[in-house]
Structures are given as C-alpha cells and as structure tokens.
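Q: Need coordinates for the following:
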Amino acid sequence: MRIALLVPAAAALAATLVAAGCGSTGSSTPVKTTDVSMAKSYRFDPKTIEVKVGDTVTWTNNDNFTHTVKVDGQDDHKVDRGHSVSIRFDKPGTYDYVCTLHSHDMHGTVIVT
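A: All right, here's what the predicted structure looks like:
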C-alpha cells in the first residue's frame, strides 16, 4: 500500500520540479535591461534584451567557468569568473550573441531600438 502511494507522489514531485526549472531561462521575450548575467548552468539571463541606441550592455560572469561574449560583427571577448565585459550599441538593429566556448547552450539576442 505504501509503495502504491509513493509512486504517484514521486511522479507529482518530478513534474513540479521540471515545471519550476522551466522559468525565464529559455524565454525569448525581450527584457528591457542593459545587464546580462552569465548564470550558473551555462546560460545567459535574460537571453533576449531590448536597449536603446547608444546604450552599453554589460555581461557579467556569475558562473564558475570562463565564458565569452561574441556579438555579430565584433571580436570575441573572454570573460573570466567574476568579471564583466561591456559593449556599446550605436546603431538600431537585432544583434545575436554567443559564448563561443559553449555555443550549444549559450546564445542570445540584443534588440536595439
């Protein structure tokens, strides 16, 4: 009887944990900010941001590993743990960016208006 009750309870717990882990991490809805975190678990947070022409975006590495930031048409910037890199956006447009060391997981977009 106890095992019969544990299986549905374990399934419900697993579903709750999966749902909780599916927060804003993969969201492509633009967030108005100039700060992006290289968060633990190999991801940019937020993934998609919206800034104004002339704004400077700062990526800060809060992970335990070295990452990079490479924006379309620009050089790759190495960002060690605890450090940041800032890039100014002077022209409107949509700019994709990526960590060239972890490009499968770490990529995002800057929308400049």
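Q: Nearest residue to the middle of this structure?
A: The residue lying closest to the centre of the chain (C-alpha atoms, centre = their mean) is residue 44, at 1.5 Å.
Q: so what's that residue closest to, chain neighbours aside?
A: Using C-beta to C-beta, 6 or more residues apart in numbering and skipping the chain neighbours, the partner closest in space to residue 44 is residue 108 (4.4 Å). Every residue, glycine included, has its C-beta placed from N, CA and C.
Q: Who is the one you found paired with across the strands?
A: residue 97 (DSSP bridges).
Q: what sits against the residue nearest to the centre of the chain?
A: Contact partners of residue 44, counting by C-beta atoms under 8 Å, 6 or more residues apart in numbering, are 36-38, 59, 97, 99, 106-108.
Q: how far out from the middle of the chain is stretch 70-78?
A: 16 Å (C-alpha atoms, centre = their mean, to the nearest Å).
Q: same thing with stretch 83-95?
A: Taking C-alpha atoms, centre = their mean, one finds stretch 83-95 lying 15 Å from the centre of the chain it belongs to.
Q: Just the endpoints, please. Distance across it?
A: One end of stretch 83-95 sits 22 Å from the other (C-alpha to C-alpha, to the nearest Å).
Q: what does it contact?
A: Contacts for stretch 83-95 (C-beta under 8 Å, 6+ apart): 51, 53-61, 69, 71-74, 77, 79, 109-113.
Q: what is the rounded mean pLDDT of that stretch?
A: What stretch 83-95 shows for mean pLDDT is 98.
Q: And stretch 92-106, end to end?
A: Stretch 92-106 has an end-to-end distance of 23 Å (C-alpha to C-alpha).
Q: An error on my part: the question was meant for stretch 100-113.
A: Stretch 100-113 end-to-end distance (C-alpha to C-alpha) = 26 Å.
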